[in-house]
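> 3D model of this:
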Amino acid sequence: MTFADLGLIDPLLQALSALEHSSPTPIQRQAIPAVLAGRDLLAAAQTGTGKTGAFGLPLLQRLVQEGPAVAPNHIRALLLTPTRELAEQVHASLRDYAQHLPLRTAVAYGGVSINPQMMKLRKGVDVLVATPGRLLDLFSQNAVRFDQVQLLVLDEADRMLDLGFSRQLGELFVMLPRKRQTLLFSATFSDAVRQLAAPVLRDPQTIDVSPRNTAAVTVKQWVVPVDKKRKTELFLHLHRSGRHGQVLVFAKTRKGVEQLVEALQAEGLAAESIHGDKPQPARLRALARFKAGEADILVATDVAARGLDIQDLPLVVNLDLPIVAEDYVHRIGRTGRAGNQGQAVSLVCADEVEQLAAIETLIGQVLQRRDEPDFIPDHRVPETRPNGLVVKKPKKPKKPKVGAPVSDKPLGRWVEDGKPKVKSVRKSPGFGKPRKKP
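Residues are numbered from 1 along each chain as shown. Here you go, the predicted model:
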């Protein structure tokens, strides 16, 4: 099957040819005809399988073929994403697809000046990609109006809920026209997302091109047990001994990210960082250096788990396991994209066994463990079963202390004849009298 078989117009086919996209992916084969037919959609597919093209291509075609010209400070299609990085990536893809179309696109997110975004919206924008918080800021300053919105897309809706955007999404849904087409796309769909979708979708078509919450088969995954305090040392050992080229490393906290980058730079390694405390221009510079090959290692929090599209990234390392199991799927989805092979290794300490079990339950497999001879942990990571349950060793009964009194009464020597022992309290002179002030 070709993109032409899906009913796409020539300007889009020309753009796809220039981008060397020869044939549609499974999610694109199912979603594009449904969107062109005007159906609301609830679509799930693994990360890196072409979701942006699945909603972006038919969305652009419908805007060209239907509806009036956009008015000043208005938009015709709204795409919401949870992070700035994902907003940039989606906008870049849409801009490439629309290179031969008479449509204006824009992107809006926090962390940068709002004024250029307001100026861009003055003439009206056909497609706006935005994060919820900045979009509400623009609306409060009368920079954007929603009267002309024909299509609404929520990309990574589950992540929006994880990041606490539910209230903001509720405010936006009230402002948008009821008569519109709504599309929800994500790699994973929790029950909370399905509850969110119910009131905003009209008779939606559901698409599941792969099992729910599974990792891509193109990614080889394994675990290395290690003591928590030796994780950085182990990562340096693995990096020196391996030949993986560039590596994307995920740490749990912003502090952990910076500590690892400092350790790597002290070893003479070119490392960059991305996390929520860094200004957006600095985050974009770090990502640009990594994509250009000027940095070999990019260390990030889960802010980079979605929205980073890096060509031929060979390896993802989880320095810390994520708190939310679904984020593991998105993290390792940064490698093994577009049919390429990738690897994902997790450095796991004993404290993280519950998170490991939750991940294995989610993806439906027990991850292989590989011990590093010089890093065998003092605190062993308990084994997990195929259903993700932790196998706990039975506790040995405590031996009585030598010389300790033995009693057949429940509380031992602290009870006599069923009554608690009470020691007499010797009152000292002045006991119970108020102290004199100095």
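
> make it CA atoms for all contacts and neighbour counts henceforth
Fine.

> what residue ranges in the stretch 251-400 of the chain score low on pLDDT?
The stretch 251-400 of the chain contains residues with pLDDT under 70 at 304-309, 311, 337-339, 386-389, 391-400.

> the same query, at a cut-off of 50, please.
Across the stretch 251-400 of the chain, the ranges flagged by pLDDT under 50 are 394.

> which parts of this structure are helices?
Using DSSP state H, the helices of the chain run over 10-18, 26-36, 51-65, 84-97, 115-121, 132-140, 157-162, 166-175, 191-200, 231-241, 254-266, 280-291, 325-332, 353-363.

> okay if I get the ones you listed as CSV plus distance to Tyr109 and mean neighbour count?
Below are these laid out as CSV (distance: least, Cα to Cα, whole Å; neighbours: other Cα atoms under 10 Å):
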stretch, distance to Tyr109, mean neighbour count
helix 10-18, 26, 16
helix 26-36, 26, 21
helix 51-65, 18, 21
helix 84-97, 6, 20
helix 115-121, 9, 16
helix 132-140, 5, 17
helix 157-162, 14, 21
helix 166-175, 14, 13
helix 191-200, 22, 14
helix 231-241, 33, 15
helix 254-266, 20, 17
helix 280-291, 9, 17
helix 325-332, 21, 24
helix 353-363, 31, 21
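
> among these, which comes closest to Asp302?
With Cα to Cα as the criterion, Asp302 lies closest to helix 325-332 of these, at 7.4 Å.

> that closest one: how far from the chain's middle?
Going by Cα atoms, centre = their mean, to the nearest Å, the spacing between the C-alpha centre of helix 325-332 and its chain's C-alpha centre is 6 Å.

> that helix vs helix 353-363, what angle?
80 degrees (axes from the mean of the first three to the mean of the last three Cα atoms, to 10 degrees).

> returning to that earlier point: which of the helices of the chain sits closest to Val303?
Using Cα to Cα, the nearest of the helices of the chain to Val303 is helix 84-97, at 8.0 Å.

> sorry, back to before: to Thr218, which of the helices of the chain lies closest?
helix 325-332 (10.4 Å).

> returning to that earlier point: now the helices of the chain as CSV including distance to Leu103?
As requested, those are exported to CSV (distance: least, Cα to Cα, whole Å):
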stretch, distance to Leu103
helix 10-18, 12
helix 26-36, 17
helix 51-65, 8
helix 84-97, 9
helix 115-121, 13
helix 132-140, 20
helix 157-162, 26
helix 166-175, 24
helix 191-200, 26
helix 231-241, 46
helix 254-266, 39
helix 280-291, 26
helix 325-332, 31
helix 353-363, 41
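
> to Ile207, which of those helices lies closest?
That would be helix 26-36 among the helices of the chain, by Cα to Cα, at 7.4 Å.

> and that closest one, what does it pack against?
Applying 3 or more Cα pairs under 8 Å, 6 or more residues apart in numbering; DSSP states H and E, one finds that helix 26-36 contacts strand 41-44, helix 51-65, strand 205-208.

> now that helix: average pLDDT?
Across helix 26-36, pLDDT averages out at 94.

> how is this protein partitioned into domains?
Annotated domains of the chain cover 4-208, 219-375 [automatic domain parsing].

> minimum distance to Arg385: which of these has it?
Once those are compared by Cα to Cα, domain 219-375 is nearest, at 7.1 Å.

> out of the helices and strands packed on helix 26-36, flag the one nearest Phe139.
Closest among these, using Cα to Cα: helix 51-65, at 22.2 Å.

> please state the offset of the closest one from the chain centre?
Worked out by Cα atoms, centre = their mean, helix 51-65 lies 24 Å from the chain centre.

> which residues are in contact with it?
8-9, 12, 27-29, 31-33, 35-36, 45, 76-77, 90, 93-94, 97-98, 101-103, 126, 151, 153, 183, 185-186 (Cα atoms under 8 Å, 6 or more residues apart in numbering).

> the inter-axis angle of it versus helix 26-36?
Interaxial angle of helix 51-65 relative to helix 26-36 (the same axes, to 10 degrees): 20 degrees.

> tell me the angle of helix 51-65 relative to helix 84-97?
Relative orientation of helix 51-65 and helix 84-97, computed by the same axes, to 10 degrees: 50 degrees.

> and helix 51-65 with helix 10-18, angle?
Using the same axes, to 10 degrees: helix 51-65 against helix 10-18 is 150 degrees.

> tell me the mean pLDDT over helix 51-65?
95.

> measure the residue nearest to Ala325 when sequence neighbours are not counted to Ala344 for me?
Ranked by Cα to Cα, 6 or more residues apart in numbering and with sequence neighbours excluded, the top spatial neighbour of Ala325 is Ile359, at 4.9 Å. For Ile359, the distance to Ala344 (Cα to Cα, to the nearest Å) stands at 13 Å.

> please apply the same query to Gly276.
With Cα to Cα as the criterion, Gly276 and Ala344 are 23 Å apart.

> over to Arg104?
39 Å.

> for stretch 134-152, what is the distance to the chain centroid?
Distance, centroid of stretch 134-152 to centroid of chain: 25 Å (Cα atoms, centre = their mean).

> repeat for stretch 179-199
The chain centroid and the centroid of stretch 179-199 are separated by 17 Å under Cα atoms, centre = their mean.

> list the contacts of that stretch.
So stretch 179-199 is contacted by 38-47, 51, 55, 149-158, 161, 200-201, 212-213, 326, 330 (Cα under 8 Å, 6+ apart).
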